[in-house]
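Colleague: What would the 3D arrangement of this be:
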Amino acid sequence: MISNNWDDKAMVNAIQSGDRKAFSRIVESYYDDVYWYAKSLSRDEALAKDMVQEAFLKLWKKRKKVKEGTVIKGWLYKSVKNNFLDYIKKYKRETRFLEITYLETLDFIVSKENETDLKRKVGIIEKEIEQLPNKCNKVFNLSKKEGLTNNEIADYLGISIKTVEGHLTKALKILRKKLKEKIQILFLI
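Modeller: Next comes the predicted model:
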């Protein structure tokens, strides 16, 4: 600790004039207290040391601007507190950026996987539709892909509406049976 005859006013005057020995005495006198204050804020030894070093460095760099009557220890504590708050702001920004990037990447990956799964499922369905019996295939495609009504299909193919309904029912029954197992396997993958 600095002796009683070495008060804050004398310390401020000494460092303002560039007295390195006076500055060294300040560092020796206050380092431990300022370090423990920094460590209590950050709970991180390395960060506390960095913040204290930065506070002393700032004191030296701004020595000519330090006002007469300034309590050096209080100035150092305030500097450490400001350093810590700056660190927290920066850390929050970086953390928020990483969270956003992570979520965007995760969304991209999930959408790509869903897109890939969907393409795979559509491919399987189309392959099974192609393997339907000829008339069922034709009626099913006219109904589901072309969007024709049962009446329009009957007129187009020259068959009865009941025959169109029979082919659609048969096609759906076959597709349900064949696709049930394949789609379930895809969902598991």
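
Colleague: Please parse this structure into its domains.
Modeller: Domains of the chain are assigned by automatic domain parsing as 8-96, 131-188.

Colleague: Would you map the strands across the protein?
Modeller: Taking DSSP state E, the chain contains no strands at all.

Colleague: Which residue ranges of it form helices?
Modeller: 8-16, 20-42, 45-61, 72-130, 134-140, 150-157, 161-188 (DSSP state H).

Colleague: Let me have those in CSV, adding mean pLDDT and mean neighbour count as columns.
Modeller: The C-beta positions use only the backbone N, C-alpha and C, and glycine is treated the same way. Shown next, in CSV, are these (pLDDT from 0 to 100; neighbours: other CB atoms under 10 Å):
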stretch, mean pLDDT, mean neighbour count
helix 8-16, 83, 17
helix 20-42, 90, 17
helix 45-61, 92, 17
helix 72-130, 76, 13
helix 134-140, 89, 18
helix 150-157, 90, 16
helix 161-188, 77, 14
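
Colleague: residue at max distance from the center of the chain?
Modeller: residue 158 (60.5 Å; CA atoms, centre = their mean).

Colleague: how much space between that residue and residue 15?
Modeller: According to CB to CB, to the nearest Å, residue 158 and residue 15 sit 105 Å apart.

Colleague: for the domains of the chain, which one sits closest to residue 123?
Modeller: domain 131-188 (10.3 Å; CB to CB).

Colleague: and the closest one, how far out from the chain's middle?
Modeller: Its chain's C-alpha centre and that of domain 131-188 lie 46 Å apart, by CA atoms, centre = their mean, to the nearest Å.

Colleague: cool, stretch 73-83 as well?
Modeller: Counting by CA atoms, centre = their mean, stretch 73-83 is centred 33 Å from the centre of its parent chain.

Colleague: can you pull the contacts of residue 56?
Modeller: For residue 56, the contact set (CB atoms under 8 Å, 6 or more residues apart in numbering) comprises 26-27, 31, 34, 76.

Colleague: any idea how far it lies from residue 158?
Modeller: 97 Å.

Colleague: got it, and residue 43?
Modeller: Residue 43 is 84 Å from residue 158, by CB to CB.

Colleague: Residue 150 reaches residue 166, doesn't it?
Modeller: No: counting by CB atoms under 8 Å, residue 150 stays clear of residue 166, with 10.6 Å between them.

Colleague: and the domains of the chain as CSV, adding distance to residue 119?
Modeller: As requested, those are exported to CSV (distance: least, CB to CB, whole Å):
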stretch, distance to residue 119
domain 8-96, 35
domain 131-188, 11
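
Colleague: can you tell me which of those domains comes nearest to residue 117?
Modeller: Among the domains of the chain, domain 131-188 comes nearest to residue 117, with 6.6 Å by CB to CB.

Colleague: Need phi/psi at residue 146.
Modeller: Backbone torsions for residue 146, taken as degrees, to the nearest 10, come to phi -90, psi -20.
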